[in-house]
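Trainee: Turn this into a structure:
(2 chains)
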Amino acid sequence: MDPYDSQGSTSRRRTSNLKDYFVGATPLQKRLESIRRQSSFFPSPPRRKIPQGTELQEEIDPQKVGFLLHKQWTVYSLTPLYKFSYTNFKEYSRLLSAFIAAEKQKGLAVQVGEDFNIKVIFSNLVGVRGTQRDPEAFLVQILSKSQSSREHREGRVLWTGWFCCVFGESLLETVSEDFTCLPLFLANGAESNTSLIGGWFQKTFDCCFSPLAISAFHLSWMAAMWTACEMDHYMATTEFFWSVPCSPQSLDISYAIHPEDAKALWDSVHKTPGEVTQEEVDLFMDCLYSHFHRHFRIHLSATRLVRVSTSVASAHTDGKIKILCHKYLIGVLAYMTELAIFKTE
Amino acid sequence: MLSGAPLRLAWRHRDLLEYRDQRGTYEAFVHNLGLLLFWQSLNVYTVMATPRNTRRSQLRSRISQGSDSYQTNLLAWKVKAEPGNSKCVLKDSSAVEDSTHADDQAEDDLRIAVEYFQRGPRKASLNKEKILEKRLKTLENVAWKNGLAPETIDILLNVALSGKFGNAINTRILKCMIPETLISEDSVVKAVSWLCVGKCSGNIKVLFYRWLVAMFDFIDRKKQISLLYGFFFASLQDDALCPYVCHLLYLLTKKENVKPFRVRKLLDLQVKMGMQPHLQALLSLYKFFAPTLISVSLPVRRKIYFNNSKNLWASALIAVKQRNQGAFPEPPKLILGPSKGRSLKRKWSSHSVIPALNSANIECRGKKHLSDFLRSEISLPIEQLQSFPQLLQNIHCLELPSQMISVLNSSLLLHYINCVSDEAILLRLSYWLSQTLQEECIWYNINNYEQEKEFTNFLDIVIRVQCFLQEGFYSCEAFLYKSLPLWDGFSCRSQFLQLLTWIPFISFSEVKPLFFDHLAPLFFTSTIYFKCSVLQSLTELLQNWLLWLSMDDHVQPVTSSPLETTLGGSMDSVVQLIDYVGWLSVIAIRLESNSTLLLHFILDFYEKVCNIYISYDLPILVLFPTAIFHSALLSLDASILNQLCYIIYRYRNNLTAAKKNNLLKKEKSEFSLSSKICQEFNYYLTVMVHCLWMSTPFEKGVYIDPQILENTEVTEYRNSLNLVHHPSLLSYAACFLLQESPEERTVDVSSIRGKKWNRYLDYLFSEGFQGLKLFIKSSIHCSSVS
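Mentor: Next up is the predicted model:
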């Protein structure tokens, strides 16, 4: 057992990377601290603001908003983009379109800048952010240039995707200047295109996408927050879907309420003005459950909430959302950004 | 012969037009042109002059023998041919058979053959065919057996490509152009110059290119050949040559060869010829050098791009390589990305498969800084990084991978990560790791049990990397905090516990609520094996913290840090960790009713603890809880007792050292050896000595009411815990007695005393009780004298 004695003198000695980060508050250090902080507050803060419009929202180009509303988006969380630059959109378009063309005809090389039958457009989404500190959102569109219809210069939109960060302060403060932090990515179009383009972004900006599933817990929060929104007129009924795991096919329960009834119910449980608390969310959902139980003798609390749709937006547990109301666009995105940040940390 | 020149110039002119906009290349071209003209004139000289001037040159070179120059060497060689020839005749007549002579003869035959070919076909000769065949046979035999010298190859290449003989002969000559060791670059350049003279047929050209590709690694230098890049590129137009020229270009291409006009040309060819593997290979190489000019996606399964050029000389190549072994290292094999990368069978959205190493596409990252741009010119793409010395030479100009996490699979780049101070690199790693760990974690995605294996493998890689770097990723730490509350204590257990050992040093009060409070319930409710694994991991964690602190306190202390890193604070953290493990151990020992296995793991932990003061030079001295001491002392397992003795011995050493230090330098004030620890240790020591040695177990230290002892009806309890009667040692005592007097029918262990006692001790030491030996040697002095 004597060899133990010599252990001390020959012990591994090297300078530690981490040690450097204990000295001074670098982004890495801040991230570590925020993780430790966050883990103690698991899983999410007990109160949130009811979505409101922001001044920045006024800047949004109405035509661009048209792209974003009334479309079903698959949401992903995204780690910060490394060395991304808003001034290089032209170059990115060229490279990405060549990349897509090359992938589509596997094995055949294509020259960058060649004329393909697709077109890639990168553009800014001015105003889609919560504060001035949030990096600006941007949109990527893939258009087909069909030979037959020359007169339609724009062509058919094959795929759309956009990257945004709305009230992402918690993440921003832990990111150094080489990185652009747009944790929320939304895509509409064929899954194969999403994977192609996502793959290109991953390779080019050393980032990492992952599908953002929305848990039943967060769906309840969405239901409460969106019901709480003041609306001039309601466009859709408030509707919930629950899934009961049954064999051979799962049983889905749909529960539709007139939006004004839902709002009335919310007003009756809501106490703190401008804010939504965890107790209020629980109470709101419990009221719905007990109402349903009185009529159908089914305990919805024992099933799984899979979809919520309101006049503001609708969300599916698979990570699909559709935003309906222009006024609360930012509010919806703020919550989605929060979820995405939680996922990436 | 001279008619070749205008032809070649005409071709060159065409090539020139292509180059118009490329000044640098143009200059290279002018150089090439000059070179070609030079070599052409040389060819003419050699071919025309040799037959007439043989005698004179022989004379000349006899004088200059021994000179290094290539030209004279060649001639000198020729001179030797003459006497050799006569010797050969002599030999024939005397018919002496000797192995060395046979070798000489083969050499001579070769000389004759080479001269024969060099002279060209004779107009009128009697048995012309026969002689030709004989010479060819000689040549083939030597070439395939031993290879040919650079000079011979030089001469014969000229012969084969100048079209002096017929196609069939030229083919046979070309086929035996197998080098003994190397091929001179000049020979190749000369040979290439013949290609444009129009003397050789298409088949010969094809064969020549195939030969060039096969022998590429044996050409001594490639500088001149690289200058001919434009010429080779232009040969792509020939459909028959295209595959072989592609292969050659694939071997030759450097970053500066990739130009937009060449890319255009290749794409045109691709349009014309379709999806040809050789074009794909060249295009993907171009893409690798200039990603902004070209985009190509290769089919995943394709592995072989050029399979048609080496088969002719396959066996000869192996022989040459064997001859060359040691002379120069085997050239690194260039393989295209997909063949070395694993197939990405999973969808893009799941990242368990760590991406393959690929250089960053610098142009994509914005070329705002001139320095960036300049650096990219000389930087080394990581795909070309093969060895550690290469890494050292290029460490300042490495082109880092586009996806940083791919370094996990590269042991070379991990060295780089280990010493790099660029925070962006570590951030890129940690973003990816955090996201992927969370995404892939199987106890988040309950439905994905088939992923378990993949996740385990991934964790294994991460753990390997952490061990290599000797520190934990902060992403892994965060992952532990986040996922431990949801962990079932079963999936990926070994990986999870290994991750635990790499939690970077932080204050214990911080890590306790995040980690240990979740671990404790799992620990208490799980099997003994789980408990042992946790204790083992905690031992390693302690060691990692100690190492970190011991190398750190020379730089320390930093008080401004948000984390508690003052020396005293850090020590408190370690002490708290030790106390916490002690608490876990005491409960575990009760839960598992003094299991020997568990005790082993606990004592392993204290083997680390007892030695901190000396091994790590840290002012930490923590004794084990009394419950553990008693369990170990009364254990039925001899190895536990031995381990206990060793620990007590180490404690003694550490305490003595601490006490000495305390007396010597008062300035180490933050640590003072508390008398409580000394008292406690003395208690342990006394109990052990009284039990094991003095056979007076319950008089000092542990006090037990004599009445109770009487009630147990054990009369001889005094001896019952000494080295002979201790339950774990009794069998050793019996064995010892049997060994001493094998004829004895009854074994009386109480007979071991006096001198026999000492012999018994020696017996125990020889049985491997090293801990006991150290303990007795250090703590019991008087008796060893007696």
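
Trainee: Quickly find the element holding B:Q576.
Mentor: helix B:567-591 (DSSP states H and E).

Trainee: Which elements pack onto that helix?
Mentor: Counting by 3 or more Cβ pairs under 8 Å, 6 or more residues apart in numbering or on different chains; DSSP states H and E, the packing neighbours recorded for helix B:567-591 are helix B:508-511, helix B:517-525, helix B:528-552, helix B:596-609, helix B:626-633. From N, CA and C alone the C-beta is placed, and that goes for glycine too.

Trainee: between these, which gets the lowest average pLDDT?
Mentor: Note on those: helix B:508-511 shows the lowest mean pLDDT, a mean of 88.

Trainee: buried ones in it?
Mentor: By 16 or more other Cβ atoms under 10 Å in any protein chain shown, the buried positions in helix B:508-511 come out as B:F508, B:V511.

Trainee: Dump it to PDB, restricted to CA.
Mentor: Taking C-alpha atoms only, helix B:508-511 is exported to PDB below (Å, rounded to 0.1, in the frame of the first residue of the first chain):
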ATOM      1  CA  PHE B 508     -20.800  22.500  -1.100                       C
ATOM      2  CA  SER B 509     -23.700  24.500   0.300                       C
ATOM      3  CA  GLU B 510     -24.500  25.400  -3.300                       C
ATOM      4  CA  VAL B 511     -24.300  21.900  -4.800                       C
END
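
Trainee: Pretty sure B:P121 sits against B:K164.
Mentor: Yes. B:P121 is within contact range of B:K164, at 6.3 Å (criterion: Cβ atoms under 8 Å).

Trainee: out of the two, which sits in the more crowded spot?
Mentor: B:K164 (17 against 13; other Cβ atoms under 10 Å in any protein chain shown).

Trainee: quick one: A:G274 and A:I50 touch, right?
Mentor: Yes. The criterion here is Cβ under 8 Å, and A:G274 meets it with A:I50 at 5.8 Å.

Trainee: just to revisit the earlier point, and the helix holding B:Q576, which residues are buried?
Mentor: B:567, B:570-578, B:580-582, B:584-586, B:588-589.

Trainee: what inclination does that helix have with respect to helix B:528-552?
Mentor: 170 degrees (axes from the mean of the first three to the mean of the last three Cα atoms, to 10 degrees).

Trainee: Looking only at neighbour counts, state which of A:G274 and A:I50 leads.
Mentor: Under the neighbour definition other Cβ under 10 Å, A:G274 and A:I50 were set side by side, and A:I50 has more, 19 against 8.

Trainee: what's the nearest residue to that one if we skip its chain neighbours?
Mentor: A:A228 (4.8 Å; Cβ to Cβ, 6 or more residues apart in numbering or on different chains).

Trainee: Distance of that neighbour relative to B:I578?
Mentor: The gap separating A:A228 from B:I578 is 52 Å, by Cβ to Cβ, to the nearest Å.

Trainee: Over to A:S243?
Mentor: Distance from A:S243 to B:I578, by Cβ to Cβ: 50 Å.

Trainee: just B:T539 next, same as before
Mentor: B:T539 is 11 Å from B:I578, by Cβ to Cβ.

Trainee: can you check A:P46 too?
Mentor: 37 Å.

Trainee: Same check on B:W487?
Mentor: In terms of Cβ to Cβ, B:W487 sits 24 Å off from B:I578.

Trainee: Phi, psi for the closest residue to chain B within the stretch 101-250 of chain A please.
Mentor: Using Cβ to the nearest Cβ, A:A109 is the residue of the stretch 101-250 of chain A that sits closest to chain B, at 3.6 Å. Torsion angles at A:A109 (phi, psi; degrees, to the nearest 10) stand at phi -80, psi 150.

Trainee: Quick check, it in contact with B:L285.
Mentor: No. Under the criterion of Cβ under 8 Å, A:A109 makes no contact with B:L285, lying 10.7 Å away.

Trainee: More neighbours: the two, which one.
Mentor: Using other Cβ under 10 Å as the criterion, A:A109 and B:L285 rank with A:A109 on top: 25 against 22.

Trainee: List the contacts of that one.
Mentor: Neighbouring residues of A:A109 by Cβ atoms under 8 Å, 6 or more residues apart in numbering or on different chains: A:102, B:266-267, B:270, B:279-280, B:283-284, B:286-287, B:294-296.

Trainee: same thing but at 7 Å, please
Mentor: Residues in contact with A:A109 (Cβ atoms under 7 Å, 6 or more residues apart in numbering or on different chains) are A:A102, B:L267, B:Q270, B:L283, B:I294, B:S295, B:V296.

Trainee: which of these sit farthest apart?
Mentor: B:Q270 and B:S295 (12.7 Å; Cβ to Cβ).

Trainee: Between the two, which has more neighbouring residues?
Mentor: B:S295 (24 against 20).

Trainee: And the more buried one, how far from A:L196?
Mentor: In terms of Cβ to Cβ, B:S295 sits 12 Å off from A:L196.

Trainee: for B:Q770, same thing?
Mentor: In terms of Cβ to Cβ, B:Q770 sits 65 Å off from A:L196.

Trainee: And these two? Which one has more around it.
Mentor: Neighbour count, other Cβ under 10 Å: between B:Q770 and A:L196, A:L196 has more, with 19 against 15.

Trainee: Surely the more buried one forms part of a strand?
Mentor: No. The assignment for A:L196 (DSSP: H, G, I helix; E, B strand; the rest coil) gives helix, which keeps it out of a strand.

Trainee: can I get the helices and strands packed on helix B:567-591 in CSV with distance to B:S201?
Mentor: Shown next, in CSV, are the helices and strands packed on helix B:567-591 (distance: least, Cβ to Cβ, whole Å):
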stretch, distance to B:S201
helix B:508-511, 79
helix B:517-525, 80
helix B:528-552, 72
helix B:596-609, 79
helix B:626-633, 91
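
Trainee: Out of the ones you listed, flag the one nearest chain A.
Mentor: Once those are compared by Cβ to the nearest Cβ, helix B:528-552 is nearest, at 4.6 Å.

Trainee: For the closest one, list every residue counted as buried.
Mentor: Under 16+ other Cβ under 10 Å, the buried positions of helix B:528-552 are B:530-552.

Trainee: Residues contacting the helix or strand encompassing A:S123, please?
Mentor: Here A:S123, judged by DSSP H and E, is contained in strand A:118-125. Here strand A:118-125 makes contact (Cβ under 7 Å, 6+ apart) with A:64, A:86, A:89, A:92-93, A:96-97, A:100-101, A:136-145, A:155, A:158, A:162, A:164.

Trainee: Could you rerun that using 6 Å?
Mentor: Residues outside strand A:118-125 that contact it (Cβ atoms under 6 Å, 6 or more residues apart in numbering or on different chains) are A:64, A:89, A:92-93, A:96-97, A:136-145.

Trainee: got it, and stretch B:749-769?
Mentor: Outside stretch B:749-769, the residues touching it (Cβ under 6 Å, 6+ apart) are B:N642, B:V724, B:A733, B:F736, B:K773.

Trainee: Where strands are concerned, which of the residues you listed count?
Mentor: Applying DSSP state E to these, no entry is found in strands.

Trainee: mind listing which of those residues are in helices?
Mentor: Per DSSP state H, helices hold the following members of the contacts of stretch B:749-769: B:N642, B:A733, B:F736, B:K773.

Trainee: Make JSON lines from those and add neighbour count, distance to chain A and pLDDT to it.
Mentor: Rendered in JSON lines, the data for the ones in helices among the contacts of stretch B:749-769 read as follows (neighbours: other Cβ atoms under 10 Å in any protein chain shown; distance: Cβ to the nearest Cβ, whole Å; pLDDT from 0 to 100):
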{"residue": "B:N642", "neighbour count": "24", "distance to chain A": "9", "pLDDT": "95"}
{"residue": "B:A733", "neighbour count": "23", "distance to chain A": "23", "pLDDT": "91"}
{"residue": "B:F736", "neighbour count": "22", "distance to chain A": "22", "pLDDT": "91"}
{"residue": "B:K773", "neighbour count": "20", "distance to chain A": "9", "pLDDT": "92"}
